[in-house]
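Q: Predicted model follows, preceded by the sequence.
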Protein chains: 2
Amino acid sequence: MPDDNSEGDNKQVTTDSACLPNQRPVEPALRDYSNHERKSMTTRNLAILLFDDVEVLDFCGPFEVFSVAGHFVDPVAFEVYTVAEQAGPVIARNGLSVNPHYGLHDCPPPDLLIVPGGQGTRTQMHNPVLIEWIKQVAGESELLLSVCTGALMLARAGLLNGLEVTTHANSIEALRELVPDATVHPDRRFVDNGRVICSAGIAAGIDMSLHVVARLLGTEVAEKTSQHMEYPWEPASR
Amino acid sequence: MPDDNSEGDNKQVTTDSACLPNQRPVEPALRDYSNHERKSMTTRNLAILLFDDVEVLDFCGPFEVFSVAGHFVDPVAFEVYTVAEQAGPVIARNGLSVNPHYGLHDCPPPDLLIVPGGQGTRTQMHNPVLIEWIKQVAGESELLLSVCTGALMLARAGLLNGLEVTTHANSIEALRELVPDATVHPDRRFVDNGRVICSAGIAAGIDMSLHVVARLLGTEVAEKTSQHMEYPWEPASR
């Protein structure tokens, strides 16, 4: 349990299906994850890729969700860490300076990889070192998640061909051009292909992360997480 | 304009008044800020206080809102920076390592100060150096904002006496004990006293920040910001 949970919180989350997040409806065909895919009572490695000009909320939203959710089960469900190409601080969009936990070569093998977006993707999508690393990790990981324009990085790695995908509203056309055989959904907060999940812009990464928590740990843990975070989550599964 | 705004986005934000965020209704008496308090066409200094075990989304949510919003006006509306007691990395809750821009002694004077929460507040609320600094800044700043259990820090600095306040759901009683003459609102996402504004837990700091953007720069800029962030914002002002 997160340490902040010093008092009980039995409040009901609003379940009014009319309450949809800003701009994008939630996943319409979200499965009932009450019979969830609990891999085992082990801790999953969850890597978040960082690079200069990564959008702050793109990586901090999922960092928060998986960190909080992980502590609602025992043993802790996720070992959440950040990874970047080079040692030394990453300067995120608008100047936040973050020290990644690992470089590409000493990074523990991720079970889940999150590729966030931000202005930096426009440069990094042409960085063969990062794109090759993403390809390599993708071949060995359980889930591959993009937030916002992180989808452009997955597209460049050839991982979105033929899939259902989405990205930030401003980059829908760019994604269409990169993967002409993918089905791009400008109207969804996230799209789940099974092993590859893409979210829409910035805050939608939080919704996608809660969806993944529901899928891996059950809806009850996802609900507790959104309640603890006091985040206005509206999964279509309820 | 944020660089990601390469394409127009004229989508309407949902305005259904039934669509309230998780657990907490929005400020019921939110003013109409169409006649907003534009100070002047100058850039405001916005400092975010960091300390070990600060909750990640508590400070990253407002960092994102004010950074994005600031670029919708010219000149940029906010110079957003982080400040901590000591030089060197701050290790936020769950291990995110951040390099603050300034220490207490070289920090540019804040026009707005944000005090986030997290497990670290339980230690830092008893740190006389930080509490004295908050008192000093409070005396000279335009707005003083707390997120989550950051309210405990403001309370210890004697800045919440007699005010309307709120905090994370799990710390409502702790806040009541610290400021017995304040009116604590466990059912509000934020409470605006004019110069002092407290938000509820974690993600509610995003709502409070959007409210402050609306107040200082107008509702149109706040709407553009929430749309760009794809955040499910539901201000009661509409």
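A: Yep, it's here.
Q: Mind checking the pLDDT average for stretch A:221-238?
A: Computed over stretch A:221-238, the mean pLDDT rounds to 85.
Q: Are it and chain B in contact anywhere?
A: Yes. Using Cβ under 8 Å from any Cβ of the partner chain, stretch A:221-238 reaches chain B at A:S226, A:Q227, A:H228, A:M229, A:E230, A:Y231, A:P232, A:W233, A:E234. Just so you know, the C-beta spots here come from the backbone N, C-alpha and C atoms, and that holds for glycine as well.
Q: Apart from its neighbours in sequence, what residue is nearest the fifth one?
A: Distance criterion Cβ to Cβ, 6 or more residues apart in numbering or on different chains; nearest residue to A:E230, sequence neighbours excluded, is B:G201 at 4.0 Å.
Q: contacting residues for that neighbour?
A: B:G201 makes contacts with A:D4, A:H228, A:M229, A:E230, B:G117, B:C148, B:T167, B:H168, B:A169, B:N170, as judged by Cβ atoms under 8 Å, 6 or more residues apart in numbering or on different chains.
Q: Isn't A:P110 up against A:F66?
A: No. Taking contacts as Cβ atoms under 8 Å, A:P110 lies outside contact range of A:F66: 11.9 Å.
Q: Could you tell me which residues touch both of these two?
A: A:L46.
Q: CA atoms only: put stretch A:222-238 into PDB for me.
A: Output in PDB follows, covering the C-alpha atoms of stretch A:222-238 (Å, rounded to 0.1, in the frame of the first residue of the first chain):
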ATOM      1  CA  ALA A 222      -6.700   0.300 -11.000                       C
ATOM      2  CA  GLU A 223      -9.600   1.800  -9.200                       C
ATOM      3  CA  LYS A 224      -7.700   2.100  -5.900                       C
ATOM      4  CA  THR A 225      -4.800   3.700  -7.900                       C
ATOM      5  CA  SER A 226      -7.000   6.300  -9.600                       C
ATOM      6  CA  GLN A 227      -8.700   7.100  -6.300                       C
ATOM      7  CA  HIS A 228      -5.400   7.500  -4.500                       C
ATOM      8  CA  MET A 229      -4.200   9.800  -7.300                       C
ATOM      9  CA  GLU A 230      -7.600  11.600  -7.300                       C
ATOM     10  CA  TYR A 231      -7.500  11.300 -11.100                       C
ATOM     11  CA  PRO A 232     -10.800  11.600 -13.000                       C
ATOM     12  CA  TRP A 233     -10.700   8.100 -14.600                       C
ATOM     13  CA  GLU A 234     -13.600   6.800 -16.600                       C
ATOM     14  CA  PRO A 235     -12.900   3.300 -17.800                       C
ATOM     15  CA  ALA A 236     -15.600   2.000 -20.100                       C
ATOM     16  CA  SER A 237     -15.300  -1.400 -18.400                       C
ATOM     17  CA  ARG A 238     -17.700  -0.300 -15.700                       C
END
